[in-house]
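1. coordinates for the following, if possible.
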Amino acid sequence: MGKRSATAQGLRKPVTCGAILGDQRVYLLVEGRKALGVLKVGRKRLFVEAPFRRNDFADVRNAFQEIEPLCALDFYVHEKCQRAGFGHHLFDAMIQRERIFPEQMGYDRPSPKLLGFLQKHYGLCKHKPQNNNFVVFDAFWDNGSKHGSDRGSPMNLPGTC
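-> I've put the predicted structure just below:
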């Protein structure tokens, strides 16, 4: 699955390899003996530029912020299984297990397909391009009740676009 993911993303070598996981976790969707999809996540220390808010002052000290979110590092569903709900099932299983909301995550070099997936299923679309090629959605910075206990389960996410 790691090799197929690398090929689909135009990478020279696989991002996901069982021998070098460290503290990262891999979620596999299997049917019998066939792997249908893979999702690798792990915490990464990122220096990112937060979106400018109306009440913010331009300040060099606050230009970049250090965060350490759980990140989607590799996400791939076999070509024959795409657009059939398998990726959504796999991603939902991960957010339930990790007890996290998709907007609280970072995404490593997300493909146009992944960005479309996140917009379709979780309403995530607004983000500021980062120099490190990670995507952190603007909703990550929202401090309102979104991350509070009144929000409900990660499976019942309202759209944010």
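
2. mind listing the strands for this structure?
-> Here the chain has its strands, by DSSP state E, at 25-31, 34-43, 46-48, 65-67, 70-77, 106-108, 134-136.

3. tabulate the ones you listed in JSON lines, adding columns for mean neighbour count.
-> Heads up, the C-betas are built off the backbone N, CA and C, glycines and all. Written out in JSON lines, the entries for the strands of the chain read as follows (neighbours: other Cβ atoms under 10 Å):
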{"stretch": "strand 25-31", "mean neighbour count": "15"}
{"stretch": "strand 34-43", "mean neighbour count": "19"}
{"stretch": "strand 46-48", "mean neighbour count": "17"}
{"stretch": "strand 65-67", "mean neighbour count": "13"}
{"stretch": "strand 70-77", "mean neighbour count": "23"}
{"stretch": "strand 106-108", "mean neighbour count": "22"}
{"stretch": "strand 134-136", "mean neighbour count": "24"}
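
4. of those, which is nearest residue 91?
-> Of all the strands of the chain, strand 34-43 sits nearest to residue 91, with 6.4 Å by Cβ to Cβ.

5. who touches that closest one?
-> Residues from elsewhere that reach strand 34-43 (Cβ atoms under 8 Å, 6 or more residues apart in numbering): 1-2, 5, 15-16, 21-30, 68-78, 81, 86-87, 90-91, 94, 98, 105.
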